[in-house]
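In: got a structure for you, letters missing:
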């Protein structure tokens, strides 16, 4: 140990390490990009041909899904997915925002911490458990409603909406709460100083100021609802008919695992086609999300 | 400082390496037939046997193939799962030496020139909720329920309640066999019928809904969850399936070209399926052996 060793080591070894590490990071970064590119290309390549074969209008706007008869209309599934998602948002957004307001502004003492832990738990429950609870607890109630309405007892759009709305609630609450907390205190102080009540201040000042964050929470919720398959397939009845609240529905997501096992030929390709449509749906939602965030960012700056 | 960062780099490299190992592990196929103890006796047999067809026979056929390949390590039995239709077509054309079918051959001349050898019987049970009082359904009644002309249980002697029709998904072999035997087109199943993707899910759906009716493989029926309904006055049972009095059943067939001689390996496989050991596997997969 006669040679004195520099604590910052030699220039050469530093440079080598630097190069190796930056290559490693580049590799990791590329892994994400390459997977997305690969998935996109794969989805278009395997889902595109069937849409061309069936005809894009016939595929997207056809009302009858009957692969055995060569009928590949997925309009019932597209509409069911939209209705189920919209219904879930309709329930979960107001509820979620109010819970977020309570957590960030109104809850006393240690209550917010405890509630937040429970909400995180809600977010971590596997979707199959939601489906199970929906099938066991919710379905019998909806059966009664269906009998009362003169319909056969079955899975339903209502059941799908209910399960989805509970599933997306944690996302909406968490993102909304963060947005509400980020509203500068001066805004609220000013409103209160001008004589507004606590609630007036929240609804007229805080929520409007946090609206882009809340919208982002909504978009994330929509993304989760559109993509959910497991819980829905357990409660929705899976009939490919135009959606009605108390009748069974089949969503885009559920169609794929439902028929995958025994499908072959054009039928199998059509399931890829449904996957492609779903993929486009999610891309639109993501684009909307990033537009919202961009707009929100520009607004705050 | 240098030491620490080298450690980190090594750590990261190790992490990357372990990821690579995991991925590589996914690629390696362990097909369970590496047990070499029984290889010597049948060492004479070798070669590839191309087979294909029905997906409904998958469970039992894969079990038979794995056992046969374990016993005869030089033989590979291929199995394309593409439906009975393709199995029949490709056996006629000679692409498959053995075809798989879960339905009988048509007698209209389009499927001539094949020998169909039945090796298992699969009964299809009609099931309803435990509380349902309907004990028997005729062929016409089942037909009416599954084509939407009968919608209330009171029309078939039950309570005044709308029937919830539970069916299998498009493409299911059970579904096509059921439709064929009861005599309706699959396209006539009401579009609003509850659709479930597996035998177990049909059973669960029927067990949870007092007005539901469904159908599934007899071997999978759990009578603690659902009631089976008599079909045409006969209750489903192994004896009723064996003596032919219960009509809702289908046989699983091995198809071979009439008059053509099979390769030794293919012949040995066919013999194995019908042997005591093969038939034991058939009954282990909850099917009725043919012998």
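Out: That came through fine. No experiment lies behind these values; they were computed from the predicted model shown. Residues are numbered from 1 along each chain as shown, chains lettered A, B, ... in the order given.
In: return the distance of the helix or strand where residue B:145 lies from the chain's centre.
Out: Element membership for residue B:145 (DSSP states H and E) is helix B:139-147. In terms of CA atoms, centre = their mean, to the nearest Å, the centre of helix B:139-147 is set 24 Å apart from its chain centre.
In: who are the packing partners of it?
Out: strand B:164-168, helix B:173-182 (3 or more CB pairs under 8 Å, 6 or more residues apart in numbering or on different chains; DSSP states H and E). Just so you know, the C-beta spots here come from the backbone N, C-alpha and C atoms, and that holds for glycine as well.
In: by contact count, what packs against the last one?
Out: Here helix B:173-182 is seen to pack against strand B:114-129, helix B:139-147, strand B:164-168, strand B:212-217, strand B:249-257 when contacts are counted using 3+ CB pairs under 8 Å, 6+ apart.
In: flag every residue of the stretch 151-300 of chain A that's near chain B.
Out: Within the stretch 151-300 of chain A, the residues that sit near chain B (CB under 8 Å from any CB of the partner chain) are A:151-155, A:233, A:237-241, A:247-248, A:250, A:257-259, A:261-264, A:267.
In: what ranges do the helices span in chain A?
Out: A:11-54, A:56-61, A:75-101, A:111-124, A:127-133, A:139-148, A:157-181, A:185-193, A:198-201, A:207-209, A:211-227, A:230-235, A:252-260, A:265-300 (DSSP state H).
In: so which of those is the most packed in?
Out: helix A:230-235 (a mean of 26; mean count of other CB atoms under 10 Å in any protein chain shown).
In: quick check: buried residues in stretch B:197-210?
Out: Going by neighbour count (16 or more other CB atoms under 10 Å in any protein chain shown), the buried part of stretch B:197-210 is B:197-199, B:201-210.
In: how about a markdown table for those residues, with secondary structure added?
Out: Formatted as a markdown table, those follow (DSSP: H, G, I helix; E, B strand; the rest coil):
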| residue | secondary structure |
| --- | --- |
| B:197 | coil |
| B:198 | coil |
| B:199 | helix |
| B:201 | helix |
| B:202 | helix |
| B:203 | helix |
| B:204 | helix |
| B:205 | helix |
| B:206 | helix |
| B:207 | helix |
| B:208 | coil |
| B:209 | coil |
| B:210 | coil |
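In: using JSON lines, lay out those together with pLDDT and distance to residue A:80.
Out: Below are the buried residues of stretch B:197-210 laid out as JSON lines (pLDDT from 0 to 100; distance: CB to CB, whole Å):
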{"residue": "B:197", "pLDDT": "84", "distance to residue A:80": "17"}
{"residue": "B:198", "pLDDT": "83", "distance to residue A:80": "21"}
{"residue": "B:199", "pLDDT": "83", "distance to residue A:80": "25"}
{"residue": "B:201", "pLDDT": "88", "distance to residue A:80": "19"}
{"residue": "B:202", "pLDDT": "92", "distance to residue A:80": "21"}
{"residue": "B:203", "pLDDT": "92", "distance to residue A:80": "25"}
{"residue": "B:204", "pLDDT": "91", "distance to residue A:80": "22"}
{"residue": "B:205", "pLDDT": "92", "distance to residue A:80": "18"}
{"residue": "B:206", "pLDDT": "94", "distance to residue A:80": "23"}
{"residue": "B:207", "pLDDT": "93", "distance to residue A:80": "25"}
{"residue": "B:208", "pLDDT": "91", "distance to residue A:80": "21"}
{"residue": "B:209", "pLDDT": "92", "distance to residue A:80": "20"}
{"residue": "B:210", "pLDDT": "92", "distance to residue A:80": "26"}
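In: what's around residue B:227, how many residues?
Out: Residue B:227 has 19 neighbours, counted by other CB atoms under 10 Å in any protein chain shown.
In: beta partners of it?
Out: residue B:128 (DSSP bridges).
In: roughly how far does it sit from chain A?
Out: According to CB to the nearest CB, to the nearest Å, residue B:227 stands 17 Å off from chain A.
In: identify the residue spatially nearest to the residue of the stretch 51-200 of chain A found nearest chain B, adjacent ones excluded.
Out: Closest contact between the stretch 51-200 of chain A and chain B, by CB to the nearest CB, is at residue A:152 (3.9 Å). Residue nearest to residue A:152 in three dimensions, not counting chain neighbours: residue B:162, with 3.9 Å by CB to CB, 6 or more residues apart in numbering or on different chains.
In: pLDDT score for the residue lying closest to residue B:147 once chain neighbours are set aside?
Out: Nearest non-adjacent residue to residue B:147, counting by CB to CB, 6+ apart: residue B:188, 4.4 Å away. Listed pLDDT for residue B:188 reads 90.
In: rewinding a little: go through the helices of chain A and find the least confident stretch.
Out: Averaging pLDDT over each of the helices of chain A puts helix A:265-300 lowest, since it has a mean of 84.
In: these two touch, right, the residue of the stretch 51-200 of chain A closest to chain B and residue B:211?
Out: Yes - using CB atoms under 8 Å, residue A:152 is in contact with residue B:211, at 6.4 Å.
In: residue A:136: neighbouring residues, count only.
Out: 12.
In: any idea how far it is from residue A:279?
Out: 32 Å (CB to CB, to the nearest Å).
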